[in-house]
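Undergrad: next one to model:
(3 chains)
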Amino acid sequence: MVALPALIRYAVRRLLEAVPILIGIVTFIFLLLHLAPGDPATAYFNPNVSPEIIDRMRENLGLDRPLHEQYLRWLRSFFTGDFGYSFSQHRPVADVIRDALPNTLLLSAVSLVLIFLVGCAVGTVQAVRQYSALDNVTTFVSLFVYSMPGFWLGLMLILAFSSPAMPEFLRLPISGVTSIDYEFMGPIERIVDRLRHLVLPSFALGIASAAGVARYMRGSLLEVISQDYIRTARAKGLSERRVILKHALRNALIPIVSLLGLYLPLLFGGSVVIEVVFSWPGMGRALYNAILARDYPVVMAASFLFGVLVLGANLLADLLYAVIDPRIRTD
Amino acid sequence: MLSRARRERGRETWRRFSRHRQAILGLALIVLLTGTALLAPALAPYDPDAQTDIVATRYQAPSVSHPMGTDRFGRDIFSRVLYGARISLSIGFLAILIAITLGTAIGAIAGFFGGRLDTVLMRGVDLVLSFPRLVLLVVLVALFEPSIALVTLVLGLTGWMGVSRIVRGQVLTVREMEFVTAARVLGFGRTRILARHVLPNVLTPVIVAATLGIGNTILAEAALSFLGLGVQPPTASWGNMVASGRDAMLDAWWITTFPGLAIVFTVMAFNLVGDGLRDALDPRRVS
Amino acid sequence: MEGPDPGAVPAAERFGGTAVVAGLGEIQTMNAFFSRDYMTDQFQAYVLFMTLLRYDDALRPEPYLARSWTVGPDSNEVVFELRDDVYWHDGTPTTAYDVAFTFDRVKDPAVPYPNRSSFDAWESVEILGPHTVRFTLRPHADFLHGWTALPIMPRHILEGTAPEDLATHPFGTSEPVGNGPFRFVEHLPANRWIFEANPDFPAELGGRPYLDRLVYRVVPNETTLFAELRSGGVDMYVRVAPVFVDRIEADPDLRLVAYPFPNYSFIAWNSVRPFFESASVRRALTMAIDRSEIVEVVRHGLATPAAGPVGAWHWAYDSALRPLAHAPDSAAAILESAGWRDADGDGVRERDGVRFSFDISTNESRERGSIAELVQRYLAQVGVEARPRIREHQSVIADVTSPERRFDAFLLSWTQGLVLDERDQWACDRIGKPLQFTSYCNPELDAVMDSIPEATDRSAQERLIRRYDAMLAADQPFTFLYVEKRADALRRRLQGASPDFRGELADVRSWWLFQP
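TA: Residues are numbered from 1 along each chain as shown, chains lettered A, B, ... in the order given. Alright, predicted model coming up:
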């Protein structure tokens, strides 16, 4: 175990190092975006809109100013906590984030729980029943799911669950975050409604990673089982169930926990496609639409947040490693 | 002497790998896929881009003349899957080659030289990792064109960070080992030590990562096609075949299913081989 | 349909329920000064707000917020008499001051109102009474058009905001106050807009809508949208993907409504390039392209091959003007006589050492990608090499609108205004400006286009519009591929909805849900 003060010093240093990285990211994004052809006023490209109006729009948005001026202006307001206005949505970027981020976090969190619960459960079963038919079948199935393009799986789920052949009690919402009559529901109904809407997208988003976790879990548990103290425990006459649950599982889970940092950014990155397929109003879609619309302030803010999330998840993973595995140096 | 030991180890690895039945199955699949990709022009019953009398020939269910049916232009899906293998596999191989080369170089340099260089490089890795790939991709596609080369390049240039972390970790361990210390005492140059002694000993996890990465790249290309940013028609890739047939899934399931299955089996094959390699190369692992 | 007859339900029993309309795109704002797409326009004009006038099914203006109007002598003055029973949803009456305010903002150069050109001829406004307003204008055909499209905005809410800050006023996205048949309830961005019936909507205009609620949902993926429609989560899927047409028609719970719509697809030929200088060669290219097959393959029949820019939706449409027939042999002969011959036998014609080989740019929409593929094949059959370049939308727009015209040919589609004034695209003096893509110039056409707005009666205008259409059809600066038939899919329980070129929502007040 690393001493706590050293760990804190390490964490603080990493946080400080993150600042230039984040500034680097937003600067690079700014340049990259302005390099791309087109601008926000192009949304009005249309035979009925005269070119003069579009020029006026550019002027109102400050797009006619020199690039460095636009950049500095953005940076200044960014440092005062003002993300500016979304060009395409006509509202503060802070509002855009406020609406979209919770949806993404909710979906990611539920998927993450699913990934680890399902992954660990399947992995454990596979390890305990190594080389059994059950092991082989689950290995095959989880690898199959893992190998499917996410949008394809999502669309098949949608078509299956909307099919007239699907029995009524299995009908799950296939898109959106809440039902149309959500605001007329009681508090319990609302929670149930939200959970029902989460089932399919979180399954589609998480199931591939769950298959990955299952593979790690299987390997990790097999390694632990072969070690001496487990043999000792068995020799003492403890039941197999008890050996696995009380001794082996706990140790096998340690390396799995550190996978957390690995999967968080993956979930954020993988969410655009799932958000489009399940019309989930989250950050992935917001970012994607903003890039296509050249909605610079939204892209910058979303990229910044993405960076913060990934760096945070990485730091978390490294700290966990350091706590678990003293061989990793934190100096 | 060293080389003989290595050969010995190679033989041992192969022995353990070949006992891994699933891995052998995966390897066989990969050989088969690569073979069909190479021989596509000879194997394909039709020209993959041929369109004649579209209205009469489109949306045909699988039959003897069209084993996988026809798509919305009346093109033979079987032929397109064969030709698509070339595109999808090339993208997978080439992108991973780029990623492996970059990742190994950066990880090895960071781990071996350590100090400030290490810090700078690893923060660089963090930067690329925390950079939204989607932004880069759309801008590049907007600036250039969504061609095969561009898709490969983008997937390669955004896929190396994991490898560099693995390699760095390995190098950190290996460089403290006796034979490296010995080489240092013997006065060998640092570059030579890195190239001759350290690198060969860290390649194991790289090979495993590469095998697993090819599958992920093929999946990533499919996701790009779904967003309209992947390889563009008329060139067939498995990804854009699944993506472009998606609206007809109810009426013409075969348009997405066969290229979809091609993706699934390919990704599975590479993963099976990757797992087999990992077990075979890592003596600590129980098999 | 079998079962109970919806027609038998008396009007008094039609009230209640929530209808869900869904489409691929987000509706960004309820601020009428910044509307920019068709669905947004509709929700503003037909649901939340009111326009002074509206169109009947022959595109003739009829009273709406304006009870009546009188045109002064020489058509240089119009007096609108407003209804006095219309209230903003916060209780404030809608008056002539709101109309004058809206007009002032539309004319204000600091407000980039996209359709300002509809008001070019309108000069000034004067309030004669709380519900009477007089405008002065230059005489102009279709001069009332702007008032059918511009919803009146509430002065008492927006007056205090500087014109250049109107775009970011929360009125547009989170707290709009309207005066139309439905009131604003909630906007969940990227998700849905919720409206509820306005009980105070004037009885003379039909009174309270039958529906309790109207919801617009964004579902950005076609398959998901269709699945929602099929399973009952959506009552109307606007602008359905053609691939679902057969399924919709076969489903007893669904019905399909299709109608000509002012959206056409075209290939623009850059006439500065040596290939596309002459009208006869452009005509030959059009003849080489099998547009009926494109309509069948890409649109599943939901479109009509086009002759010129005036589609069947327009009252002046000339059905006698036939689109050029598909005739690859004649096309080849024309190319031959224009000097384009394949002397070296490589399958591609050349002239003066230049190969007839060029790029067709288009964006990554699947429909257009497919058309580009088909066109490539058709042109190859007459010895012309067209290479599709499928690119990101904004990049294509940037290239084709640039003064340098960085393209050979491009393929796009777009939605026209109901009043055709397309001088920005064709007039000689607009060459170099963003929308004059092709650099085509025909002084005779310029004269016709200039006289259309001057024409005072419909028969004179009809002659001119037909002439305009025929001249462009003859010169083919674009290959006008097809005019879209817009199709909407409706669940059978949704009654009283009959979408046409004015939009899906024009009759939303009388929609009702049938529960057998």
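Undergrad: strands along the stretch 51-200 of chain C, start to end?
TA: Along the stretch 51-200 of chain C, counting by DSSP state E, counting those that start in this stretch, strands occupy C:53-55, C:61-63, C:66-71, C:77-82, C:122-129, C:132-137, C:182-188, C:192-197.
Undergrad: point out the most buried one among the ones you listed.
TA: strand C:192-197 (a mean of 23; mean count of other CB atoms under 10 Å in any protein chain shown). Heads up, the C-betas are built off the backbone N, CA and C, glycines and all.
Undergrad: now it, how far from the centre of its chain.
TA: Distance of strand C:192-197 from the chain centroid (CA atoms, centre = their mean, to the nearest Å) equals 24 Å.
Undergrad: show me which residues of the stretch 1-150 of chain C sit near chain B.
TA: For the stretch 1-150 of chain C, no residue is in contact with chain B (CB under 8 Å from any CB of the partner chain).
Undergrad: and the next element down the chain from the helix or strand harbouring residue B:127?
TA: Remark: residue B:127 resides in helix B:115-129, with elements defined by DSSP states H and E. Next helix or strand after helix B:115-129 toward the C-terminus (DSSP H and E): helix B:133-143.
Undergrad: tell me which other helices or strands that following helix touches.
TA: Helices and strands touching helix B:133-143, as assessed by 3 or more CB pairs under 8 Å, 6 or more residues apart in numbering or on different chains; DSSP states H and E, comprise helix A:4-35, helix A:283-292, helix B:148-157, helix C:393-401.
Undergrad: what lines up beside the following helix or strand past the shortest one in the sheet?
TA: Moving toward the C-terminus from helix C:393-401, the next helix or strand (DSSP H and E) is strand C:409-415. The pairing partners recorded for strand C:409-415 under DSSP bridges are strand C:254-269 (antiparallel), strand C:357-363 (parallel).
Undergrad: chain center to the longest one, what's the gap?
TA: So that's strand C:254-269. 10 Å.
Undergrad: pull the residues that contact the helix holding residue B:127.
TA: Helix B:115-129 is contacted from outside by A:17-18, A:20-21, A:24-25, A:265, A:310-311, A:314, B:106, B:109-111, B:158, B:161, B:164-165, B:168, using CB atoms under 8 Å, 6 or more residues apart in numbering or on different chains.
Undergrad: residue of the stretch 51-200 of chain B closest to chain A, please.
TA: Going by CB to the nearest CB, chain A is nearest to residue B:130 of the stretch 51-200 of chain B, at 3.8 Å.
Undergrad: sorry, back to before: give me the buried entries from the contacts of helix B:115-129.
TA: A:18, A:21, A:24-25, A:265, A:310-311, A:314, B:106, B:109-111, B:158, B:161, B:164-165, B:168 (16 or more other CB atoms under 10 Å in any protein chain shown).
Undergrad: and the helices in chain B?
TA: Using DSSP state H, the helices of chain B run over B:2-19, B:21-43, B:54-57, B:77-113, B:115-129, B:133-143, B:148-157, B:161-174, B:178-185, B:190-192, B:203-226, B:238-244, B:253-281.
Undergrad: for the stretch 151-300 of chain A, same thing?
TA: A:187-225, A:228-235, A:240-242, A:249-257, A:260-269, A:271-277, A:283-292, A:296-324 (DSSP state H, counting those that start in this stretch).
Undergrad: where does the chain have low pLDDT?
TA: Picking chain A for this. Chain A contains residues with pLDDT under 70 at A:1-3, A:258, A:261-262, A:265-270, A:321, A:324-331.
Undergrad: that's the wrong chain, I meant chain C
TA: C:1-4.
Undergrad: residue contacts, the most centrally placed residue in chain B?
TA: In chain B, the centroid-proximal residue (CA atoms, centre = their mean) is residue B:214; its distance is 1.5 Å. The contact partners of residue B:214, by CB under 8 Å, 6+ apart, come to B:92, B:93, B:96, B:270.
Undergrad: what of residue B:48?
TA: So residue B:48 contacts B:75, B:76, B:79, B:80, B:82, B:83, B:84, B:236 (CB under 8 Å, 6+ apart).
Undergrad: just name the closest of these to chain C, please.
TA: residue B:75 (10.1 Å).
Undergrad: confidence score at the closest one?
TA: Per-residue confidence (pLDDT) for residue B:75: 89.
Undergrad: now the one residue in the stretch 151-300 of chain C that gets nearest to chain B, what's its secondary structure?
TA: Nearest to chain B, among the residues of the stretch 151-300 of chain C, is residue C:243, at 4.6 Å (CB to the nearest CB). Using DSSP: H, G, I helix; E, B strand; the rest coil, the structure places residue C:243 in helix.
Undergrad: for it, give me its contacts.
TA: Applying CB under 8 Å, 6+ apart to residue C:243 gives the contacts B:72, B:247, B:248, B:251, C:222, C:300.
Undergrad: buried deepest among the helices of chain B, which one?
TA: Most buried of the helices of chain B by mean neighbour count (mean count of other CB under 10 Å) is helix B:238-244; its value is a mean of 28.
Undergrad: check whether it contacts chain A.
TA: Yes: applying CB under 8 Å from any CB, one finds helix B:238-244 touching chain A at B:239, B:242, B:243.
Undergrad: so who does the first one touch?
TA: The one in question is residue B:239. Counting by CB under 8 Å, 6+ apart, residue B:239 touches A:149, B:88, B:218, B:221-226, B:230-231, B:259, B:263.
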